[in-house]
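Visitor: Okay, structure incoming, though there's no sequence with it:
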């Protein structure tokens, strides 16, 4: 591990792309500081300009080199890493150069761009349920551990507990920052994921610049900030920003080095990231937006001539289909929708509501039910026998007897889950159901349904007054049969009226035009 910082750009010929990791520029963000009324210098440590596109390149290289020095890795071995994506890219980069097999387990919410980049680097991707807790066997960490047990010569380098994670930032990243700022830093703002970055940089900064304040950024929904009361808002709820925050405290995170924590929401993260791109021309990712938003709050206390360094972890390359997209931002409520689209839908649907569609066309799409505990194999057989392409997954609550909607499962989703290794034939369908569903009451406007269908294949219609009566005296097999009735007629989930698809809206429009 080379702790020296090279002045200026790279010169000569590098031995491999791994030698182009780190040594990232520090850029003054003048326009953004002015827009938000900061007096201090707002300085961006541009980690997204590293060879693999993120700060995690550093630990990917460092962990592989450490394992090689210790004799743990040999030619032909397999690396497995549970990750939000960027560490997987950094490790896949190192694995490609060093000749190791690479398997990455990654939550489903992480961007397709990250997955595709890792695949191009030769990595094998296994997606896991986003909602699975860190200690769940179906989480990205649980699946990684299972794969390690099953495969010979497989190693989890474990960014959450590997000392190479904070040490590379202590030895190298922090030294770069100190050198670039001539040893004069008043505040450094860093997001916490595994915690290695803020721990390593924070420790070195405390030694070399003892008056510097270390500010940690943690997304709402995560529990890393202290005091713990800061985490009460949206505690353990899902969030969209990637690469920072966790539902447990990783072993490498030393929260004692952090002087102040700032909690940040998705909306602030993504709108700030877009503001950085627009005002400074820096092609950053969502966690960079979170960090800069945190810096804009914390640095208000700094005066003219003081320096606030904020770390920009990754690139917008990873999020072209997410917050970089105007449509995605509008879909998730982070930005207003295009006015022309709104007017077009109002013209088509006027004041019509879902109940009008139900009364005038008589039914929603005929999508059958299956219970959550049925196996993937059983559901495949049912779908084949009934010639359907999608099923609704429901589950009875043991606590109150209510039947709840779990999600939707399509034949394409089943095929992808089997091919990616996310499930086996005997896995319960609950594990792979698509759970992020658009739901609406019969009173909802059809124009809003049309908007939702731009981003989701279904809108689930729920009864205004859901029934709580549990169907009793029936075995699992009998329930499975009954649950294959049409959605609107099934006693299995009486408060669920059915699903609306785009074809249902088109049919309603055609009926009205007649």
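Guide: Arrived safely. Predicted, not measured: the structure shown is a model, and the values here were computed from it. Residues are numbered from 1 along each chain as shown.

Visitor: residue ranges with poor pLDDT in the chain?
Guide: Applying pLDDT under 70 to the chain picks out residues 1-10, 131, 361-366, 398-402, 420-422, 464-495, 514.

Visitor: residues touching residue 295, list them.
Guide: The neighbourhood of residue 295, defined by CB atoms under 8 Å, 6 or more residues apart in numbering, consists of 42, 187, 189, 215, 308, 310. For glycine as for every other residue, the C-beta is placed from the backbone atoms N, C-alpha and C.

Visitor: and the two most separated of those?
Guide: Pairwise distances across the contacts of residue 295 (CB to CB) peak at 12.8 Å, for the pair 42 and 215.

Visitor: what comes up buried for stretch 343-353?
Guide: Neighbour-count burial for stretch 343-353, with 16 or more other CB atoms under 10 Å as criterion, is recorded at 345, 349, 352-353.

Visitor: Just those: which are in strands?
Guide: Counting by DSSP state E, no part of the buried residues of stretch 343-353 is found in strands.

Visitor: The stretch 301-450 of the chain: helices as residue ranges?
Guide: 326-331, 339-349, 354-361, 376-386, 411-420, 446-452 (DSSP state H, counting those that start in this stretch).

Visitor: which residues are contacting the second one?
Guide: Read it as helix 339-349. Contact with helix 339-349 is made by 445-447, 450-451, 509, as judged by CB under 8 Å, 6+ apart.

Visitor: That one vs helix 354-361, what angle?
Guide: Helix 339-349 runs at 40 degrees relative to helix 354-361, counting by axes from the mean of the first three to the mean of the last three CA atoms, to 10 degrees.

Visitor: repeat for the fifth one
Guide: Helix 411-420 runs at 120 degrees relative to helix 354-361, counting by the same axes, to 10 degrees.

Visitor: who does helix 411-420 touch, helix- and strand-wise?
Guide: If you count contacts as 3 or more CB pairs under 8 Å, 6 or more residues apart in numbering; DSSP states H and E, helix 411-420 packs onto strand 124-128, helix 376-386.

Visitor: for those, which one ends up most surrounded?
Guide: strand 124-128 (a mean of 21; mean count of other CB atoms under 10 Å).

Visitor: Work out the gap between that strand and the centre of the chain.
Guide: Mean-position distance between strand 124-128 and its chain equals 13 Å (CA atoms, centre = their mean, to the nearest Å).

Visitor: tally of neighbours for residue 50?
Guide: Number of residues near residue 50 (other CB atoms under 10 Å) recorded here: 23.

Visitor: and the nearest residue to it once chain neighbours are set aside, helix, strand or coil?
Guide: Take residue 50 and drop its neighbours on the chain: the residue closest to it by CB to CB, 6 or more residues apart in numbering is residue 57, 4.4 Å away. Classification of residue 57 using DSSP: H, G, I helix; E, B strand; the rest coil returns helix.

Visitor: Could you pull up the residues touching residue 57?
Guide: 21-22, 50-51, 89-90, 93.

Visitor: go again using 10 Å as the cut-off
Guide: Taking CB atoms under 10 Å, 6 or more residues apart in numbering, we find residue 57 in contact with 17-18, 20-22, 24, 47, 50-51, 86-87, 89-91, 93-94, 168, 314.

Visitor: swap in residue 248?
Guide: Contacts for residue 248 (CB under 10 Å, 6+ apart) come out as 133-135, 141, 160, 222-224.

Visitor: again, only using 7 Å
Guide: By CB atoms under 7 Å, 6 or more residues apart in numbering, residue 248 lies in contact with residue 134.

Visitor: What of residue 53?
Guide: 89, 314-315, 317.

Visitor: how much space between it and residue 452?
Guide: Shown here: residue 53 relative to residue 452, a distance of 32 Å by CB to CB, to the nearest Å.
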